[in-house]
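1. I would like the atomic coordinates for the input below:
(2 chains)
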Protein chains: 2
Amino acid sequence: MTINSDTKFLIVGLGLIGGSYCLGLRKQGYRVSAIARRKETIDYALTHGIIDEGSISADAGLIGEADIIISGLYPHTFYEWVSENQKLFKSGALLTDVTGVKGCIVYKIQELLREDVEFISAHPMAGKETVGVENADEKIFVGANYIIVPTEKNSEEAVNASRELATILNFGHISCLSPKEHDEIIGFVSQLTHCIAVSLMNVSDNDKLVNYVGDSFRDLTRIAKINENMWTELFISNKNALVNNIDRFMNELKDLRDCIETEDADRIKQKMICSTKRRSLFDKKQE
Amino acid sequence: MTINSDTKFLIVGLGLIGGSYCLGLRKQGYRVSAIARRKETIDYALTHGIIDEGSISADAGLIGEADIIISGLYPHTFYEWVSENQKLFKSGALLTDVTGVKGCIVYKIQELLREDVEFISAHPMAGKETVGVENADEKIFVGANYIIVPTEKNSEEAVNASRELATILNFGHISCLSPKEHDEIIGFVSQLTHCIAVSLMNVSDNDKLVNYVGDSFRDLTRIAKINENMWTELFISNKNALVNNIDRFMNELKDLRDCIETEDADRIKQKMICSTKRRSLFDKKQE
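-> This next block holds a predicted model:
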């Protein structure tokens, strides 16, 4: 399928990311409906022009007319929702998602799904330290990375439609990874970083720290404000890759620690020269 | 002593922080001279209105007329410079610094110093991932933390003058810590964070990471671009406190790792609730 001006979108799960998808799509002129659990969420989204239509139940009309259904649900809820409601999907509809883990969910959904509907998984690498549709903001996607996670079951058309969706939402770099590659890389760049921030914030209960810190501590702990329900599920769903990445990081930090203890200045400097060089690759593209 | 409109400042060591002090002081109308190693540095600072006068040698005139001398040198160079040049200091002058470690240097300088000159140590909690006077910017101090590090040898007048200096430069919160308290807290909020960033950046040599990261990885590695000479000296000068803080952090991270491995969702959530609560203290004051 190809996205055109008549394409109708349905977002299921209207949180920060789902709401931001709605805003981005509506600003580009698309018709967007949503299903959420709470009436207040739908009311807010209608009042603030975030969606055209919404429902707190699995409304057969809204679901049946959607060309592209985007899940903004947590992994396990996503599975349950598709299981219960796929009977209402339009034949030929495309299902996609924003889930932060892939290996544990993508194959299961594809296995479960009707033959005449396709699921192409994707992960927008954008977020905020807030939750809820009230904080939705389509600008978080501008220039951000978008990872499409196809399997052997996916068609080239579905991958292309996912790419089109990312382009409509103004993502920067779009790439494809297998579910296994995705989970390993995300276990490193996203989940490990959240583990570090949470742990760093939890080391000290000194409530005067705020008077002594510089930007470095603020930067490293920004994401220590975290949605505990979502991230706990994501961590446990990807535990092998994540634990492995924590171990790799701790080995590297332990090595630096030992260099400091033994005053091995040359080796400390080599590590800093390496990190400076690697980090500078990030500046050119996106800062 | 009290700072007034006739107070003459001398900055020794014209790097990023020294240059930013010059800019901040000159913009408030003070007369500011500087001593640096390289002629290009002084020429740049003169051409760009960063200083009124400058020299690449220990100019007796510049040193002798300064009411407040601010060292922007690395710890060991600072000691050598004072040792060689204190004979030129004006009687009653105040000496201060911006050094990132205190225990290893403050007492030594106070021990060394002439009786008629006072050294009051301080640490501005501000910086950038760049070096040199070319990147000087007095705005990095606006709202930032400033830590005065007095010892028993210091007078109340010197502490007050240090406070005045911080106010002139538009620092936000000004506090006092002993050298030992300073080194323990800075070993945590500043040095540990740099060790984490360097190590995180060094774990993976995947040069495509830039295509997959979100803001979390960018934030946590910003300070992995690091001046290896300065930070290696700072780390080794404060190695006991720093190694202790790395160990505390690794214990906390190891505990989270084990919760993930054993799928102890409740304990993971408790840790996230704690980190979210603690991090929110930082938002109110300075973000």
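2. please make it C-alpha for all contacts and neighbour counts, starting now.
-> OK.
3. the residue of the stretch 101-250 of chain A found nearest chain B: how many residues sit nearby?
-> Ranked by Cα to the nearest Cα, the top residue of the stretch 101-250 of chain A for proximity to chain B is residue A:225, at 4.0 Å. Using other Cα atoms under 10 Å in any protein chain shown, residue A:225 is surrounded by 23 other residues.
4. show me the contacts for it.
-> Residues in contact with residue A:225 (Cα atoms under 8 Å, 6 or more residues apart in numbering or on different chains) are A:129, A:198, B:272, B:275-277, B:279-280.
5. which ones among the residues you listed map onto helices?
-> A:198, B:272, B:275-277, B:279-280 (DSSP state H).
6. coming back round to it: only whichever of the contacts of residue A:225 are buried, select them in ChimeraX.
-> Remark: buried members of the contacts of residue A:225, expressed as a ChimeraX selection using 16 or more other Cα atoms under 10 Å in any protein chain shown:
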select /A:198 /B:272,275,276,277,279
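7. just the helices from the stretch 151-287 of chain A, written as ranges.
-> A:156-168, A:179-186, A:193-203, A:215-221, A:228-237, A:239-261, A:265-286 (DSSP state H, counting those that start in this stretch).
8. break chain A into its domains for me.
-> A:8-177, A:181-286 (automatic domain parsing).
9. give me phi/psi at the nearest residue to residue A:214 once chain neighbours are set aside?
-> Sequence neighbours aside, residue B:125 is the residue nearest to residue A:214 in space, at 4.9 Å (criterion: Cα to Cα, 6 or more residues apart in numbering or on different chains). Main-chain dihedrals, residue B:125, degrees, to the nearest 10: phi -90, psi 70.
10. might you report the residue contacts of residue B:125?
-> A:212-215, B:141, B:144-147.
11. which of the residues you listed count as buried?
-> A:212-215, B:141, B:144-147.
12. ok so, going back, can I get the domains of chain A in a markdown table with mean pLDDT?
-> Listed next are the domains of chain A as a markdown table, based on pLDDT from 0 to 100:
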| stretch | mean pLDDT |
| --- | --- |
| domain A:8-177 | 96 |
| domain A:181-286 | 95 |
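13. want to throw these into TSV with distance to residue B:152?
-> What follows is these, written out as TSV (distance: least, Cα to Cα, whole Å):
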stretch	distance to residue B:152
domain A:8-177	44
domain A:181-286	21
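14. so which of these gets nearest residue B:56?
-> Between residue B:56 and those, the tightest spacing by Cα to Cα is seen for domain A:181-286, at 27.7 Å.
15. starting at the chain centroid, how far to the closest one?
-> 19 Å (Cα atoms, centre = their mean, to the nearest Å).
16. same thing with stretch A:16-32?
-> That offset, for stretch A:16-32, works out to 16 Å (Cα atoms, centre = their mean).
17. ok, residues contacting that stretch?
-> In contact with stretch A:16-32 (Cα under 8 Å, 6+ apart) are residues A:5-12, A:33, A:45, A:50-53, A:70-72, A:98, A:127, A:130-140, A:168-169.
18. show the buried residues in those.
-> For those, buried by 16+ other Cα under 10 Å: A:8-12, A:33, A:45, A:50-51, A:53, A:70-72, A:98, A:127, A:133-134, A:136-140, A:169.
19. what about those, which are in helices?
-> residue A:45.
20. so which of the buried ones among the contacts of stretch A:16-32 also contact chain B?
-> residue A:127 (Cα under 8 Å from any Cα of the partner chain).
21. if you look at the buried ones among the contacts of stretch A:16-32, which of them are in strands?
-> Among the buried ones among the contacts of stretch A:16-32, the residues falling in strands (DSSP state E) are A:8-12, A:33, A:53, A:70-71.
22. ok, which pair from the residues you listed is furthest apart?
-> Spanning the widest gap among these are A:53 and A:71, at 16.2 Å by Cα to Cα.
23. can you get me the start-to-end distance on stretch A:114-133?
-> End-to-end distance for stretch A:114-133, by Cα to Cα, to the nearest Å: 30 Å.
24. so how far is that stretch from its chain's centroid?
-> That offset, for stretch A:114-133, works out to 7 Å (Cα atoms, centre = their mean).
25. quick check: residue A:42 touching residue A:50?
-> No: when contacts are counted by Cα atoms under 8 Å, residue A:42 is not listed as touching residue A:50 (9.3 Å).
26. give me the phi and psi angles of residue A:113.
-> The phi/psi pair for residue A:113 (degrees, to the nearest 10) is phi -70, psi 150.
27. the closest residue in space to it that isn't next to it in sequence: how many residues sit nearby?
-> Excluding the flanking residues, the one nearest residue A:113 by Cα to Cα, 6+ apart is residue A:86, at 7.2 Å. By other Cα under 10 Å, the residues close to residue A:86 number 15.
28. what does the one 3 residues further on give?
-> As a burial measure, the neighbour count of residue A:89 was computed by other Cα under 10 Å and equals 24.
29. and the residue nearest to residue A:214, bridged to which residues?
-> Here residue B:125 sits in beta bridges with residue B:145, as judged by DSSP bridges.
30. stretch A:229-241 close to chain B?
-> Yes: on the criterion Cα under 8 Å from any Cα, stretch A:229-241 is in touch with chain B at A:229, A:232-233, A:235-236, A:239-240.
31. TSV please, covering the residues you listed and showing neighbour count.
-> Below are these laid out as TSV (neighbours: other Cα atoms under 10 Å in any protein chain shown):
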residue	neighbour count
A:229	15
A:232	20
A:233	21
A:235	26
A:236	20
A:239	21
A:240	15
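32. mind putting these into a markdown table with distance to residue B:182?
-> As requested, those are arranged in a markdown table below (distance: Cα to Cα, whole Å):
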| residue | distance to residue B:182 |
| --- | --- |
| A:229 | 37 |
| A:232 | 35 |
| A:233 | 39 |
| A:235 | 36 |
| A:236 | 38 |
| A:239 | 38 |
| A:240 | 39 |
